[in-house]
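Undergrad: Here's my sequence, what's the structure:
(chains A and B)
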Amino acid sequence: MPEIDLATLGSQFLVGLSRAMILFTVSAGMSFVLGVLRVPNVAHGSLYMIGAFSAFSITKLVPGPVGFWMALILSPFVVAFVSFVAERALFCHLYQREHLMLLLFTFALSLILGDLVKIVWGAEYKSIMAPPLFDGTVRILGASIPKYNFFLLLLGPVVAVCLWLFTNKTKVGKIARAAAVDREMVGAVGINVSWVFAFAFVLGCFLAGLGGALVAPTVSIVLGMDHDLIIEAFLIVTIGGLGNMWGAMVGSLIFGLTQSFGVLFMPQFAIVFPYTAVVIVLLLRPKGILKSVW
Amino acid sequence: MGNRAKTFWIYGVLLAVLLVLPMMLPRFYTYILALIFVTSLLAMSLNIVVGHGGLFQFHHAAFYGVGAYTFVLTLTKAGLPMWICFILAPLAAAVAGFLIGWFCVRLSSLYFGMLQISLGSLLWAIVFRWYDMTGGDDGIHGIQMPEFISSTSSAYYFILLFFVLSFVIMYLMHQSPFGQILRATRDNPARCSAVGINVRRHQLTAIVIATFFAGEAGVLFVVLERSVFPDLLFWVLSLEIFIMCLLGGWFTFAGPVVGAAIIVSLRTFVGAYTEYWTMIIGILLILLIFFLPEGVMGFLVERFKGKPNKAPTEQTERAHASS
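TA: Numbers count the residues shown, from 1 in each chain, chains lettered A, B, ... in the order given. Coordinates of the predicted model:
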């Protein structure tokens, strides 16, 4: 076992937290879709991947820091547009069908999107550079982390608060939450439920795109990056409580932290720790840590 | 009597054709046929729990992988005789199925599926990372098989034998009181437990049986391919076999065989021409969901017998009521 001092432990903790923030951004989107539509969106990972790839393209088109910020802002909208088209063209006709069909549809969508990414961007590794602003490290209480991870640490709570304000304080958000609890009633008071669903789906996918754009400078952007993430997001949403946004936060923290400490103690089996944590949580609290919306 | 005799004859002729085929076909096609049997067995075992049990068995491939890896590890690392390995592997898969199922049957629909995905992914993660034991992401290749199944055609007959045996056993189970009760628990769990059926125990038994056959499919895969790799336990494969069941027909017995045959052939022959075959599978799946939700066999049964095994509206109602 490697020598571990407090500073290493501290920075590993911070890195885990920043990883958790990305996981949160993605899984909050999935949780929202799951809460309102009651469908685990298998294509969520593919949309995350599209977010990362379109961030790459935007930084290629517009070089320099401007391109980076544009990528961060625009690629979620690219993803939202893709999901909007898929939802209105195909998915919205299936809402009356059983759940399994909806789930398999999102799987089909993920297969198609995965190959579309291959057609558009090719199978090579891609990477983008964070702007010079993020060079170097930040020291917090003796532990140091890269500046970009620090930026993620700050951004995660901002995303959470924005999402909370949006779902709790705006009319659209309130309608979406109401549709999560009782869709018949929402329909009965004269609201077009199909459009509420479309909206929730697109918002969830927007967050997937945002997560993809945020993760892009820290990893190599490659086909198949969706596969690991989708399972992680599934599990985070499940242990947090289906459809509960704060649950997604708790789940992401558990996942991110167990993973980063696992790397420290048993590098080879780091991947096993978060899954074990999930199993333990589900055995103790089968319906997740926080209350599910359904 | 007529109907039954007809079915018997159809299967008899089919079996005779399958016995003769490898003598006339090139080796490659024999291999594809054998692969279809292996995949069919896997899909049929999934269909026991999904189609007949109504459970969200989202990570069935995990047990396929457990069977395959147990077989290889007991054969190469422990050096046990082949027949013992051959029996141990499906049993190991069934034990894994029992352990995972024991926790899962406590939960309802989607939570069941989620817990299973997490436990299955845990298995995958262990296999993926345990380089010393499983070879990690490289897997284990070039496994020595005994003389009598070392050629493609002898492996074909071996696989065919076990496929037919399993098919018959599963069919008998499907027709048995147990199978009937299982379908009853799918359609109305509340009423079943009211008349004194232990729903969870039946579901758990179905899972154990299904995972046993999944493990056997894993063994047969090794017999054919002589290699194992962690993709056998990956969740993508689990959803693929789900598609096979859907494509063939959930509520028919032989449906998954048709589905597996279609998917394996598509992957082999379409995959040879284009690298974008997953997109083709995706499009096929979407067409299926929209136009043929009962699957190929379900459609044929409805067409020729004039009655579906199960009305789709009933299923939709159940999904809505339980949500």
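Undergrad: Give me the contacts around stretch B:189-208.
TA: Stretch B:189-208 is contacted from outside by B:48-49, B:52-53, B:55, B:57, B:94, B:97-98, B:100-102, B:104-106, B:178, B:181-182, B:184-185, using CB atoms under 8 Å, 6 or more residues apart in numbering or on different chains. (C-beta placed from N, C-alpha, C; glycine too.)
Undergrad: Filtering the residues you listed by proximity to chain A, which remain?
TA: Filtering these for proximity to chain A (criterion: CB under 8 Å from any CB of the partner chain) leaves B:R106.
Undergrad: which of the contacts of stretch B:189-208 count as buried?
TA: Buried by 16 or more other CB atoms under 10 Å in any protein chain shown: B:48-49, B:52-53, B:55, B:57, B:94, B:97, B:100-101, B:104-105, B:181-182, B:184-185, out of these.
Undergrad: Among the residues you listed, which one sits closest to A:T167?
TA: Checking those against A:T167 with CB to CB, the nearest one is B:C104 at 31.2 Å.
Undergrad: On the three-state scheme, B:I197 is what?
TA: coil (DSSP: H, G, I helix; E, B strand; the rest coil).
Undergrad: Count residues in the vicinity of it, would you?
TA: Neighbour count for B:I197, taken as other CB atoms under 10 Å in any protein chain shown: 16.
Undergrad: Show the contacting residues for B:G51.
TA: B:245, B:250-251, B:255-256.
Undergrad: how about 10 Å then?
TA: B:G51 sits next to B:43-44, B:174, B:183, B:186, B:245-246, B:248-253, B:255-256, B:295, B:309-310 when contact means CB atoms under 10 Å, 6 or more residues apart in numbering or on different chains.
Undergrad: Of those residues, grab the buried ones for PyMOL.
TA: Only the buried entries of the contacts of B:G51 go into this PyMOL selection, using 16+ other CB under 10 Å:
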select buried, chain B and resi 43+44+174+183+186+245+246+248+249+250+251+252+253+255+256+295+309+310
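Undergrad: Is it correct that A:A216 falls within a strand?
TA: No: secondary structure of A:A216 (three-state DSSP): helix, not part of a strand.
Undergrad: residues of stretch B:26-41 that come out buried?
TA: In stretch B:26-41, counting by 16+ other CB under 10 Å, buried: B:30-41.
Undergrad: Just the ones of those residues in strands?
TA: Counting by DSSP state E, no part of the buried residues of stretch B:26-41 is found in strands.
Undergrad: Now narrow the residues you listed to whatever sits close to chain A.
TA: Restricting the buried residues of stretch B:26-41 to those touching chain A (CB under 10 Å from any CB of the partner chain) yields no residues.
Undergrad: Tell me how far B:L165 lies from B:M82.
TA: As judged by CB to CB, to the nearest Å, B:L165 and B:M82 stand 17 Å apart.
Undergrad: OK, contacts around the most centrally placed residue in chain B?
TA: The residue lying closest to the centre of chain B (CA atoms, centre = their mean) is B:L42, at 2.0 Å. Contacts for B:L42 were tallied using CB under 10 Å, 6+ apart; they are B:60-61, B:63-64, B:67, B:210, B:213-218, B:220-221, B:232, B:237, B:240-241, B:244, B:256, B:260.
Undergrad: Of these, which ones also sit close to chain A?
TA: B:E240.
Undergrad: Now, the contacts of B:L42 that are in helices?
TA: Assignment to helices by DSSP state H places the following of the contacts of B:L42 there: B:61, B:63-64, B:67, B:210, B:213-218, B:220-221, B:237, B:240-241, B:244, B:256, B:260.
Undergrad: And the pLDDT at residue 171?
TA: You didn't pick a chain, so chain A it is. Confidence at A:K171, expressed as pLDDT, is 88.
Undergrad: looking at chain B here, not the other one
TA: 90.
Undergrad: Same check on the one 10 residues further on?
TA: Per-residue pLDDT puts B:I181 at 92.
Undergrad: what does the one 4 residues further on give?
TA: The predicted local confidence for B:T185 comes out at a pLDDT of 89.
Undergrad: coming back round to it: could you check which of B:L165 and B:M82 is surrounded by more residues?
TA: B:M82 (16 against 11).
Undergrad: mind listing what the closest residue to that one other than its chain neighbours touches?
TA: Counting by CB to CB, 6 or more residues apart in numbering or on different chains, B:M82 lies nearest to B:P146, which is 5.2 Å off, once chain neighbours are set aside. Contact analysis of B:P146 by CB under 10 Å, 6+ apart lists B:75, B:81-83, B:154, B:223.
Undergrad: do you know how far B:P146 is from chain A?
TA: Note on B:P146: its distance to chain A, by CB to the nearest CB, to the nearest Å, is 34 Å.
Undergrad: for B:M44, same thing?
TA: Applying CB to the nearest CB to B:M44 and chain A gives a distance of 18 Å.
Undergrad: Within the helices and strands, which one has that residue?
TA: helix B:27-47 (DSSP states H and E).
Undergrad: Could you write out the alpha-carbon coordinates of whatever helix or strand A:F105 lives in in PDB?
TA: Counting by DSSP H and E, the element that carries A:F105 is helix A:99-121. Output of helix A:99-121 as PDB, limited to C-alpha atoms (Å, rounded to 0.1, in the frame of the first residue of the first chain):
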ATOM      1  CA  HIS A  99     -42.500   0.900 -19.500                       C
ATOM      2  CA  LEU A 100     -40.300  -1.800 -21.000                       C
ATOM      3  CA  MET A 101     -41.000  -0.500 -24.500                       C
ATOM      4  CA  LEU A 102     -40.100   3.000 -23.500                       C
ATOM      5  CA  LEU A 103     -36.900   1.700 -21.900                       C
ATOM      6  CA  LEU A 104     -36.000  -0.300 -25.000                       C
ATOM      7  CA  PHE A 105     -36.700   2.700 -27.200                       C
ATOM      8  CA  THR A 106     -34.100   4.700 -25.300                       C
ATOM      9  CA  PHE A 107     -31.700   1.800 -25.700                       C
ATOM     10  CA  ALA A 108     -32.400   1.900 -29.500                       C
ATOM     11  CA  LEU A 109     -31.800   5.600 -29.400                       C
ATOM     12  CA  SER A 110     -28.500   5.100 -27.700                       C
ATOM     13  CA  LEU A 111     -27.400   2.500 -30.200                       C
ATOM     14  CA  ILE A 112     -28.200   4.900 -33.100                       C
ATOM     15  CA  LEU A 113     -26.600   8.000 -31.400                       C
ATOM     16  CA  GLY A 114     -23.500   6.000 -30.600                       C
ATOM     17  CA  ASP A 115     -23.000   5.100 -34.300                       C
ATOM     18  CA  LEU A 116     -24.000   8.700 -35.400                       C
ATOM     19  CA  VAL A 117     -21.100  10.000 -33.200                       C
ATOM     20  CA  LYS A 118     -18.800   7.500 -34.900                       C
ATOM     21  CA  ILE A 119     -20.000   8.700 -38.400                       C
ATOM     22  CA  VAL A 120     -19.600  12.400 -37.500                       C
ATOM     23  CA  TRP A 121     -16.500  12.500 -35.400                       C
END
